[in-house]
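Enquirer: Here's my sequence, what's the structure:
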Amino acid sequence: MSRQPTIKDVASKAEVSFKTVSRVLNGEPHVRKEVRERVLAAAAALDYRPNIAARGLIGGRSRLIGFLYDNPNYSYVTEAEIGALLRCREAGYHLAVEPVDSRGDVPRQIEQIISSLRLDGVILTPPISDDPGALAVLDRLGVAHVRIAPEAGRDKGPCVFIDDEAAAFALTRHLIGLGHSTIGFVQGHPDHGASHLRQAGFERAMAQAGLTTRPAHMVQGYFTFESGMSAGRALLDAPDRPTAVFAANDKMALGVMAAARELGLSAPEQISIAGFDDTRAAQISSPQLTTVRQPVDIMCQAAADMLITLAANEALDDPALQLPFEIRARGSTAAPAAEPQSV
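Expert: Numbering: from 1, shown residues only. Below you'll find the model as predicted:
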């Protein structure tokens, strides 16, 4: 076929109406599996490529979802983006990835993005997912949105999250179970809601075990490798250094690990180190990092699926979707030595 195949060509080859082809390609429900497979096979055989712009004009939908982020942890952002992208591609949608500077005028930035892109909805990642101005402007503009890991207001709109407080509690309990009683904590970025929840879980586990959380063992971080390294130096280059350090994300935990090496300390023999997220870097570090597995990709797949469902004017089964976490115990943690060895 020398010309570009049309939807009518696909319908003819699949022996269905062009309206049925449209329903299949739009990912609409209530199409028999056998018919759906026949249509998709015909489209593949003809190398049919639907015109996204034309489909938006006809159906009133742009088939374009926005992904808004402002997060110094690019491993997290990449995993989140890939999760959303794969689900969009499956459903015939496109993903527009847009940075938002949370230190600036967030509502104005979002309004500019919405005015330049005809979006069916947006996925909001932390810390934008907790920004009142962001939520207000999206509500005013009537743009559907799903929040990833919001700290509060989970009953006020669609969101996907894990229980950050329970996850941090479980990881701290793991360290305590190994025999650690002096545990340092590197706090997450103060503008991220998850930071407060993870710290609360850490403190609850320590209190429940009858252990003291020393102020000198609580160091501010900002979800960056550099802040983790700085925190690691402060915690480990001290006479009363802890036997274990729990950082509120993997990137900071790897910074603590680098600081330990700089100070001549080996993990886990002289210091146990744990993080949060289970990024790719945590899996390939040496030693591999003990951490909390947060299924960021699946969370964003679910968020994209929610927006696609809403764009089809269908109700969500669970608008506040909580996904499970896992503790991944690896080589960076072990029982403490009898006494902290001097640097």
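Enquirer: what about M257, how many neighbours?
Expert: Burial of M257 is recorded as 26 neighbouring residues (other CB atoms under 10 Å). The C-beta positions use only the backbone N, C-alpha and C, and glycine is treated the same way.
Enquirer: Check whether it sits in a helix, strand or coil.
Expert: Secondary structure for M257, judged by DSSP: H, G, I helix; E, B strand; the rest coil, is helix.
Enquirer: Can you report how many residues neighbour the closest residue to R118 other than its chain neighbours?
Expert: Leaving out its chain neighbours, the residue that sits closest to R118 by CB to CB, 6 or more residues apart in numbering is S62, at 4.2 Å. For S62, the count of nearby residues is 20 (other CB under 10 Å).
Enquirer: And A53, what's its pLDDT?
Expert: According to the prediction, A53 has pLDDT 46.
Enquirer: Hmm, I typed the wrong one, I wanted A42.
Expert: Per-residue confidence for A42 comes out at a pLDDT of 86.
Enquirer: Also P215?
Expert: We have a pLDDT of 93 for P215.
Enquirer: From A259, how far off is it?
Expert: From P215 over to A259 the distance is 20 Å, taken as CB to CB, to the nearest Å.
Enquirer: With N73 instead?
Expert: Counting by CB to CB, the gap between N73 and A259 amounts to 18 Å.
Enquirer: For these two, indicate the residue with more neighbours.
Expert: Taking neighbours as other CB under 10 Å, N73 and A259 compare with N73 leading, 26 against 23.
Enquirer: where does that one land on pLDDT?
Expert: N73 carries a pLDDT value of 70.
Enquirer: I'd say it and G275 touch.
Expert: No - taking contact to mean CB atoms under 8 Å, the distance of 10.8 Å between N73 and G275 leaves them out of contact.
Enquirer: Now list whatever residues contact both of those two.
Expert: N249, D250, K251 (CB atoms under 8 Å, 6 or more residues apart in numbering).
Enquirer: so A335 sits right up against G179, yeah?
Expert: Yes - the pair formed by A335 and G179 meets the contact definition of CB under 8 Å, at 4.6 Å.
Enquirer: Any idea how far stretch 205-222 is from the middle of the chain?
Expert: The chain centroid and the centroid of stretch 205-222 are separated by 26 Å, computed with CA atoms, centre = their mean, to the nearest Å.
Enquirer: which residues make contact with it from outside it?
Expert: When contacts are taken as CB under 8 Å, 6+ apart, the neighbours of stretch 205-222 outside the stretch itself are 72, 168-170, 172-173, 176, 181-190, 202-203, 227-228, 230-231, 234-235, 238, 240, 242, 247-248, 252, 255.
Enquirer: can you check stretch 152-166 too?
Expert: 129-130, 135, 144-150, 193-194, 197-198, 200-201, 204, 294-295, 299-300, 302-303, 306, 310, 316, 319-325.
Enquirer: Where helices are concerned, which of those count?
Expert: 135, 193-194, 197-198, 200-201, 204, 299-300, 302-303, 306, 310 (DSSP state H).
Enquirer: Throw together a ChimeraX command that grabs the buried residues out of those residues.
Expert: Once 16 or more other CB atoms under 10 Å is used to decide burial, the buried members of the ones in helices among the contacts of stretch 152-166 can be selected in ChimeraX as follows:
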select :135,193,194,197,198,201,204,299,300,302,303,306,310
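Enquirer: Can you tell me which of the ones in helices among the contacts of stretch 152-166 comes closest to D9?
Expert: Comparing the ones in helices among the contacts of stretch 152-166 against D9 with CB to CB picks out L310 as the nearest, at 31.6 Å.
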